[in-house]
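Q: here is the input, now give the coordinates:
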Amino acid sequence: MKRILVIAFVLLLIYGKVGRIFGQGVGETAVPFLLLAPDSRAGGIGESGGGLADNSAAIFWNPAGIAFQSGSEVSITHSNWLPQFNLDLFYDYATYRQYIDDLSGSVTASVTYMNFGEFVRTGSNSPEPLGTFRSFDAALTVGYATKLSTDWGLGFNFRLIHSRLSDKPTESEQGKGVATSVSFDIGAMWRPEHLNLPLIGDFGNQLSIGVNLSNIGPKIYYIDQAQADPIPTNFRLGFAVRPFEDDYNSLTYTLDFSKLLIGKQDTVNGRDEFYKAIFTSWADEPISQELRQVQTSMGLEYWYGRPEDFMFAIRAGFFYEDPSYGNRKFVTLGAGIRYDLYGFDFSYITTDVFKNGANHPLSNTLRFTLLIGWGGKPKVEKGFPRGI
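A: Numbers count the residues shown, from 1 in each chain. Sure, this is the predicted structure:
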């Protein structure tokens, strides 16, 4: 059990308090790696991507964003986590998307892998080492996205989750620290081609609004169902606005609101009715407390160049979480380049602008993403991608 507690402490360092789950002791959420912002581009704009979602990482942020993309793309992201602690922690995320005419949409896949490093196994009554083992969390996701109309996109994901905190129990434990479960996501996006606004005129293709319900699924357990914990079902509402764009320049503002949908024990006669939390978690507490559980993130992205030549981007963002529900506050910075089929992005987290921020475990975290995209529709219109 000691090794499980060590890993739990590492998770707490990575994610802080997860809503009321750690803060008020209603229970624990398992596999919180599913909440971790996976890609460098969104990581550079404050970890906000629910409304933008215009690359293959939309699989995480809002699968409906894939509906407005054409062609194919692969990407891989790598990040060393908690660099201040010199731990063997790293995070990898790989994606693939492919538009298929016969399906009138795109199929997608992603692999998420969180490595917690190597641990020493000891007996319950002796500190003498008995061997070593490695711990990790992983998820395989497949999905489909299509356009319902010119302005609306819809996306779905199905996910297989595997968590391996320990390979065998100690003398006093009844089960392994290994668990497997499933979940699914559903996302929608509105990206109007024409939108006439008073005093502004046609704002079409410059506004995008997305909603994503992710990680909907049954509780996961390591020992038995009586000790099962919910997975981190999450609601995300995202906005993206592109107020300026010409032949060489574009500026995009993003804003996301997200909330964990983890209710109290939604179990009847031993049956896990996990779907109830989607509704009950909005009214478990007074409205003022519910609103404090909402995480806010925002960012700005500036691109210079032409898609057919060379482009580079600079990014900045801000992430805020209420002190009673995690207290994560950090600024993000990032940059990216695009040339022909290839792209490269990186992002950086800093908490130094806040009091005692230099000691925050997320400080100085870097993400790196390499991507290759081909066969897409040539960009002839301004604004967000329209897809096929």
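Q: the helices in the protein, which residues?
A: Assigned helices in the chain, in chain order: 2-15, 19-23, 40-44, 58-61, 277-280, 287-292 (criterion: DSSP state H).
Q: which of those has the lowest mean pLDDT?
A: Per-stretch mean pLDDT for the helices of the chain is lowest at helix 19-23 (a mean of 32).
Q: where does the stretch 201-350 of the chain have low pLDDT?
A: For the stretch 201-350 of the chain, the stretches flagged by pLDDT under 70 are 263-272.
Q: again, 50 this time
A: Residues of the stretch 201-350 of the chain meeting the criterion pLDDT under 50: 268-269.
Q: and for the stretch 51-200 of the chain?
A: Along the stretch 51-200 of the chain, no part satisfies pLDDT under 50.
Q: try it again at 90.
A: Of all residues in the stretch 51-200 of the chain, those with pLDDT under 90 make up the ranges 80-89, 116-135, 164-178, 195-200.
Q: where exactly do the strands run in it?
A: 72-80, 90-100, 105-122, 129-147, 152-166, 177-190, 196-197 (DSSP state E, counting those that start in this stretch).
Q: mean neighbour count and distance to I278 added to those, as TSV?
A: C-beta here means a position set from N, CA and C on the backbone, and glycine is covered the same way. TSV is the format used below for these (neighbours: other Cβ atoms under 10 Å; distance: least, Cβ to Cβ, whole Å):
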stretch	mean neighbour count	distance to I278
strand 72-80	20	29
strand 90-100	19	25
strand 105-122	18	22
strand 129-147	17	19
strand 152-166	20	16
strand 177-190	20	11
strand 196-197	10	33
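Q: looking at those strands, which is nearest to Q293?
A: Nearest to Q293 among the strands of the stretch 51-200 of the chain is strand 177-190 (20.1 Å), distances taken as Cβ to Cβ.
Q: using PDB, list the CA coordinates for the closest one.
A: The C-alpha trace of strand 177-190 is given here as PDB (Å, rounded to 0.1, in the frame of the first residue of the first chain):
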ATOM      1  CA  GLY A 177      -2.800  -2.000  -8.600                       C
ATOM      2  CA  VAL A 178      -4.000  -2.600 -12.100                       C
ATOM      3  CA  ALA A 179      -7.300  -1.400 -13.600                       C
ATOM      4  CA  THR A 180      -8.900  -1.100 -17.000                       C
ATOM      5  CA  SER A 181     -12.100   0.800 -18.000                       C
ATOM      6  CA  VAL A 182     -13.700   2.500 -20.900                       C
ATOM      7  CA  SER A 183     -15.200   6.000 -21.600                       C
ATOM      8  CA  PHE A 184     -16.500   8.100 -24.400                       C
ATOM      9  CA  ASP A 185     -16.700  11.700 -25.500                       C
ATOM     10  CA  ILE A 186     -19.200  13.700 -27.400                       C
ATOM     11  CA  GLY A 187     -18.600  17.200 -28.800                       C
ATOM     12  CA  ALA A 188     -20.400  19.800 -30.900                       C
ATOM     13  CA  MET A 189     -19.100  22.900 -32.600                       C
ATOM     14  CA  TRP A 190     -20.800  25.900 -34.200                       C
END
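Q: circling back: of all the strands of the stretch 51-200 of the chain, which one comes closest to R315?
A: Of the strands of the stretch 51-200 of the chain, the one closest to R315 (Cβ to Cβ) turns out to be strand 72-80, at 14.9 Å.
Q: who are the packing partners of that closest one?
A: strand 90-100, strand 366-374 (3 or more Cβ pairs under 8 Å, 6 or more residues apart in numbering; DSSP states H and E).
Q: how about a markdown table for these, with distance to L154 added?
A: Listed next are these as a markdown table, based on distance: least, Cβ to Cβ, whole Å:
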| stretch | distance to L154 |
| --- | --- |
| strand 90-100 | 15 |
| strand 366-374 | 22 |
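Q: what's the closest of these to I161?
A: It's strand 90-100; of those, that one is closest to I161 (Cβ to Cβ) at 14.5 Å.
Q: got the contact list for that closest one?
A: With Cβ atoms under 8 Å, 6 or more residues apart in numbering as the test, strand 90-100 has contacts from 33, 36, 38-39, 56-57, 59-60, 66, 69-81, 105-115, 375, 387-388.
Q: relative to strand 129-147, how tilted is that strand?
A: Between strand 90-100 and strand 129-147, the angle comes out at 30 degrees (axes from the mean of the first three to the mean of the last three Cα atoms, to 10 degrees).
Q: and the closest residue in space to D229 that isn't next to it in sequence, how many neighbours?
A: Nearest non-adjacent residue to D229, counting by Cβ to Cβ, 6 or more residues apart in numbering: A30, 4.2 Å away. The local packing of A30 (other Cβ atoms under 10 Å) involves 23 other residues.
Q: so A30 is in contact with I223, correct?
A: No: using Cβ atoms under 8 Å, A30 makes no contact with I223, being 11.8 Å away.
Q: if we can go back for a sec, check contacts around the residue nearest to D229.
A: Going by Cβ under 8 Å, 6+ apart, the list of residues near A30 reads 163, 179, 219-220, 229-232.
Q: what does I372 give?
A: 73-75, 341-343.
Q: for F257, name its beta-bridge partners.
A: L237, T296 (DSSP bridges).
Q: that one and L291 touch, don't they?
A: No: the criterion here is Cβ under 8 Å, and F257 misses it with L291 at 9.8 Å.
Q: what about those two, which has more around it?
A: Under the criterion of other Cβ under 10 Å, the comparison of F257 against L291 puts F257 first, with 17 against 12.
Q: from R191, how far off is that one?
A: Per Cβ to Cβ, to the nearest Å, F257 is found 18 Å from R191.
Q: now swap in G343 and tell me
A: 22 Å.
Q: these two: which has the busier surroundings?
A: Between G343 and R191, counted using other Cβ under 10 Å, the more crowded position is R191 (30 against 20).
Q: what sits closest to that one if chain neighbours are left out?
A: Nearest to R191 is S208, by Cβ to Cβ, 6+ apart, at 4.6 Å.
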